[in-house]
Every structure is written in structure tokens, then in C-alpha cells.
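Peer 1: pasting the structure only:
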């Protein structure tokens, strides 16, 4: 028998301790005791603690640290885009839940470059970004991969300190020598995307050549002091302070490797996990409504036992198995394959069983990250829950001529064709998640949605709480969902 390591023993002890405290606190509570005790059993069964942070030293940074603060300014600066008209924050703004509130992002081809959210429309009438922008909130908690298709992924165990990362810069399965961790590796790719940030800048160049030229452009701007000042500090002073290098050459000081690191450090600070569900597991039985508790029981109960079986994919305290599944989600938009089609994970692995499979999203803060799915096809939690329960039925009744899609310039010419292809693969695949045997009524669906709404940290709905993650927040209010990004 192989005994677990001391670290794993301690993890088990902590889980058991939280579970015991939960059961005792629920047993001592007279209010809603039946629901609480049933839920307490499920919490223990699934080993939940409420806290998805497994290693604070590697997953969390302080937004007030010099590196995170500088990373924030880079995240909001347009100088990292090819045409200098978009920033990372264009599609991943803290006030919009860490994304952009659009089905498909409008990157470099916006009619008005400083408008965000629903007011951001493509200048040529068609959205060319093929996938929905995932939230950057809690992004450091991912252990296995980034992006909907997992094209930036860790090849070795999270317990190993030195990460081996595969990225699109290398063949599938090969290690990228420039990638030091998942978040840092991911930060190097939005700038290489033609429709997200690159535009036609050095369009025939490799990703590495593009990044090198962005680096040179940034160095030149810092030398010439043409970058925007930040309060009483210059960008050069901020870089020197972040790296404690008073005398090093600017070429060494301002490298793209460091830019990736700084962007990652800023995202690492975006930890928003203080949800009502976490409070509930920690003993506050009033943190959930009765409806949310019933929804949680459905969520964590198997289909065979009358539940929804959601935990089969949305497992653990981060609510994801970090695996890839085909759920026959609608294929709207230009498509990753430039013809409206998007076969997801298959495009990276080449494995036929991976066709139309996409990464299981985390559900923390899910109420603030609509629209949902890899292409943003559903606008409400209820709609996406109902799709999970009956993909075949929902695809056949899906409105492929939704005015909301048409108004935002989303290509729909081939949407039904490729969606039906995805559905056929779903029905044939052994990897598909078949929840269609779950017979849930309208009250059950409402309870599930109520539970999902209790997975949101109140901070992400409060601009005052989020102000530390936005430069000069007093000058960046946008009740009409528009904002002037730094330049």
C-alpha cells in the first residue's frame, strides 16, 4: 500500500475538520435542519471545504504589490496591441465581471475603440473573434490548462514546482521553453491573435518575432518618455521599482518576458471567492436560501438518485474537473476554423473523440459572466441549465436568428449546420455527458439557478470594491458601459 505524503495527509485532515464542523453546526441548527443535514452529507461525500485555493504562494498575489500594480497598468494600456487601439481590459474588464458581457468579443475592429460591453460593435459589421471571452477572475486557480480548448496546458503535476507547459508555439505535447507557469504562458497569446489584439501588425511574422517587436516598441517608448505618465511616476520608474533595478539598461528592464510576468501577476491578484456558498460550508446556515439549498442538493446528487448530476463535471471547490466535454453547444459566429465551425479540443489534439469538446468552466462568480458557452450562445443561467438537461431538444428549438446576435454582427450563416454536426457527435460520443435522463421540473431548474447565483463573491458586483483593480477608478466610471482606456 502506498501511503499519502505528509502534505496530502494534512489536506485530508483539513477537509475532515471542515466537514465535521459543518455537520456539527448544521446539526445544532433548528432552522431548515432537514435540508442542512442532507446537504452536509453531500459536502462530506464530495470532500468540499469551500476554499478553492490550494497553494496561496503560487496562486495569489497582492494587488498593492509593485509588480501587480504595474501589471494592472499594462493590462489597461493599448501599447501591447498591434494597432494600439485595444488593451487586455477591452475584453476582460473588472467592472464587467472580468470579461466583456458580449457573446463574442469585438477586438481590434471596433467602430469606437473606447466603448465596452453591449455598445461595442464591429466596424465592418461582422464579429471575427471566434469565441467568448472567459473571465480573468480567479484565473490563477486553474491547474491544468487555459482557453476553451486547453491549448496552453500543463503537462506535469501541479505538485511539481517546475512546470512543463505546452503552448501553440510548440507542437502539441512539446514543452515551451519560454513558459514558466500557466498564467504567464497564457499572457503571451492574446497579443498574437489577429482579431483580438494583433490586427495586421507583422501579420506574416512568427509569434516570437511579434513579441520581440512589441518589446522593442515598448522600450523605445519608455526611452522617449512617450508613454502616458502614471501619477507622478514614469513607466521607467515603475519598472525599476517593480524589479528593484536602479541602474540596469532599459532593454533588460523592459522585456516581453517581464511583461508576461507582470500581466500574470495582476491576474493572480484577482481572487474573488468569498461566496455565500463558501460561507455556508464554513458554518453560516443563513448564507443560502432554502431554494439555493435545494439547488445544491440537486447539483451534488447523481441523476440515479434524482439529482442533476452537475458535480460529475463541476467538481471540487473550484467547480470544474478541468476536462473537456462535448455538450453540443450552439456554434455561432465566424468560427475558429474560419467557416463557422469550431471543433474545440480536437483542433489542438487531433483526436477524433475530442471534436466539439470544450473545457468545463468554473462556476464561481458565474452569475456575472454571461453570456455563456464557448461562443456565448446563451444569455441566462436558466437557458444554459436547460440545455445541459436536454441538449438534443434545446438545439432543435434554438433561435439561430436571435436579433441580439444580428445586432452585434455575429455571423449565423452556417451556425445551424455546424451545431447539428456537434449534436451528432455528442449523441455518438462515449465521452458525452448524458443528462437527458434527469427529469427535473421548473421548480428544480429554478432551485439550481438560485444555487448558482449564490456562487458569486459580492465584491465582483460592486465597483467600489473593485476599484483597486482599475487604474484611476474615479475617472473610469461608465454607467453606459463605456470607458476610456489608458493610452
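Peer 2: Received the coordinates, thanks. Here the structure is a predicted model, which means the values were calculated and not measured.
Peer 1: ok, residue 156 touching residue 173?
Peer 2: No - the criterion here is CB atoms under 8 Å, and residue 156 misses it with residue 173 at 11.9 Å. For every residue, glycine as well, the C-beta is placed using N, CA and C.
Peer 1: so what sits against both of these two?
Peer 2: Here residue 156 and residue 173 have no joint contacts, going by CB atoms under 8 Å, 6 or more residues apart in numbering.
Peer 1: Mind telling me what element residue 450 is part of?
Peer 2: Following DSSP states H and E, one finds residue 450 within helix 442-453.
Peer 1: Can you list the neighbours in contact with that helix?
Peer 2: 277, 288-289, 291-296, 298-299, 308, 310, 363, 366-367, 381-382, 385-386, 389, 440.
Peer 1: Can you list which of those residues are found in strands?
Peer 2: Among those, no member falls in strands (criterion: DSSP state E).
Peer 1: Just the buried residues of those residues.
Peer 2: Neighbour-count burial (16 or more other CB atoms under 10 Å) applied to these gives 277, 288-289, 291-296, 298-299, 308, 310, 363, 366-367, 381, 385-386, 389, 440.
Peer 1: Tell me how the chain divides into domains.
Peer 2: The record's domain parsing of the chain by automatic domain parsing lists 46-53+274-453, 66-268.
Peer 1: of all these, which lies closest to residue 463?
Peer 2: Residue 463 lies closest, by CB to CB, to one member of the domains of the chain: domain 66-268, at 5.6 Å.
Peer 1: Just the helices from the stretch 251-400 of the chain, written as ranges.
Peer 2: 256-268, 276-281, 290-300, 346-349, 381-389, 391-396 (DSSP state H, counting those that start in this stretch).
Peer 1: Would you mind putting these into JSON lines with distance to residue 413 alongside?
Peer 2: Below are those laid out as JSON lines (distance: least, CB to CB, whole Å):
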{"stretch": "helix 256-268", "distance to residue 413": "35"}
{"stretch": "helix 276-281", "distance to residue 413": "41"}
{"stretch": "helix 290-300", "distance to residue 413": "37"}
{"stretch": "helix 346-349", "distance to residue 413": "21"}
{"stretch": "helix 381-389", "distance to residue 413": "22"}
{"stretch": "helix 391-396", "distance to residue 413": "17"}
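Peer 1: which stretch among those helices comes nearest residue 461?
Peer 2: Nearest of the helices of the stretch 251-400 of the chain (CB to CB): helix 276-281, 12.2 Å.
Peer 1: Check what pLDDT residue 146 gets.
Peer 2: On the pLDDT scale, residue 146 is placed at 98.
Peer 1: ok, now which ones touch it?
Peer 2: Residues near residue 146 by CB under 8 Å, 6+ apart: 139, 152-153, 182-183, 185-186.
Peer 1: cool, residue 169 as well?
Peer 2: So residue 169 contacts 176, 178, 207-208 (CB under 8 Å, 6+ apart).
Peer 1: lowest average confidence, helix or strand, in the protein?
Peer 2: helix 6-27 (a mean of 50; mean pLDDT, DSSP states H and E).
Peer 1: and the direction of the next helix or strand after it versus that of helix 290-300, what angle?
Peer 2: Of the helices and strands lying after helix 6-27 in sequence (DSSP H and E), the nearest is helix 33-45. Orientation check (axes from the mean of the first three to the mean of the last three CA atoms, to 10 degrees): helix 33-45 against helix 290-300 gives 30 degrees.
Peer 1: Could you check helix 33-45 and say which residues are buried?
Peer 2: 35-36, 38-40, 42-44.
Peer 1: Please apply the same query to stretch 441-450.
Peer 2: Neighbour-count burial for stretch 441-450 [16+ other CB under 10 Å]: 444-450.
Peer 1: quick one: which of those residues is nearest to residue 253?
Peer 2: residue 449 (49.6 Å).
Peer 1: ok, that closest one to residue 380 distance?
Peer 2: 8 Å (CB to CB, to the nearest Å).
Peer 1: Equivalent analysis for residue 124, please.
Peer 2: 29 Å.
Peer 1: if we can go back for a sec, which of the contacts of residue 146 has the largest number of neighbours?
Peer 2: residue 152 (26 neighbours; other CB atoms under 10 Å).
Peer 1: contacting residues around that one?
Peer 2: With CB under 8 Å, 6+ apart, residue 152 has these contacts: 145-146, 165-168, 179, 182, 185-186, 189.
Peer 1: What's opposite it in the beta bridge?
Peer 2: residue 146 (DSSP bridges).
Peer 1: Any stretches of the stretch 351-487 of the chain with poor pLDDT?
Peer 2: Scanning the stretch 351-487 of the chain for pLDDT under 70 picks out the ranges 430-438, 473-487.
Peer 1: again with the stretch 201-350 of the chain
Peer 2: For the stretch 201-350 of the chain, the stretches flagged by pLDDT under 70 are 226-233.
Peer 1: Could you rerun that using 80?
Peer 2: Scanning the stretch 201-350 of the chain with the threshold set as pLDDT under 80 gives 225-233, 338.
Peer 1: List the residues that contact the closest residue to residue 202 other than its chain neighbours.
Peer 2: What sits nearest to residue 202 in space, not counting adjacent residues and going by CB to CB, 6 or more residues apart in numbering, is residue 210, at 5.1 Å. Shown in contact with residue 210 (CB under 8 Å, 6+ apart): 82, 191-192, 198, 201-202.
Peer 1: rerun at 7 Å
Peer 2: Contacts for residue 210 (CB atoms under 7 Å, 6 or more residues apart in numbering) come out as 192, 198, 202.
Peer 1: State the distance from the nearest residue to the first one once chain neighbours are set aside to residue 185.
Peer 2: Setting aside the residues directly before and after it, residue 192 is nearest to residue 207 in space (CB to CB, 6+ apart), at 4.5 Å. Applying CB to CB, one obtains 12 Å for the distance of residue 207 from residue 185.
Peer 1: same question, residue 331
Peer 2: Residue 331 sits 27 Å away from residue 185, going by CB to CB.
Peer 1: Does residue 323 touch residue 360 like I think?
Peer 2: Yes - with contacts counted by CB atoms under 7 Å, residue 323 reaches residue 360, the gap being 5.9 Å.
Peer 1: buried residues in stretch 329-344?
Peer 2: 329-336, 340-344.
Peer 1: What backbone torsions are found at residue 99?
Peer 2: phi -130, psi -140 (degrees, to the nearest 10).
Peer 1: Counting neighbours, what do you get for it?
Peer 2: Neighbourhood size, residue 99 [other CB under 10 Å]: 23.
Peer 1: Run through the residues that contact it.
Peer 2: 91-92, 133-135, 369.
Peer 1: One more pass at 8 Å, please.
Peer 2: Contacts of residue 99 (CB under 8 Å, 6+ apart): 91-93, 132-136, 369.
Peer 1: Closest one of these to residue 55?
Peer 2: residue 136 (19.1 Å).
Peer 1: roughly how far apart are the nearest residue to residue 380 once chain neighbours are set aside and residue 94?
Peer 2: In space, and not counting its chain neighbours, residue 380 is closest to residue 370: 6.7 Å by CB to CB, 6+ apart. For residue 370, the distance to residue 94 equals 16 Å [CB to CB].
Peer 1: Please say which of the two ends up with more neighbours.
Peer 2: Between residue 370 and residue 94, residue 94 has the larger neighbour count (other CB under 10 Å), namely 27 against 19.
Peer 1: Any idea how many residues pack against residue 225?
Peer 2: Residue 225, neighbours per other CB under 10 Å, totals 10.
Peer 1: Look up how far residue 213 lies from it.
Peer 2: Distance from residue 225 to residue 213, by CB to CB: 20 Å.
Peer 1: try residue 295
Peer 2: 51 Å.
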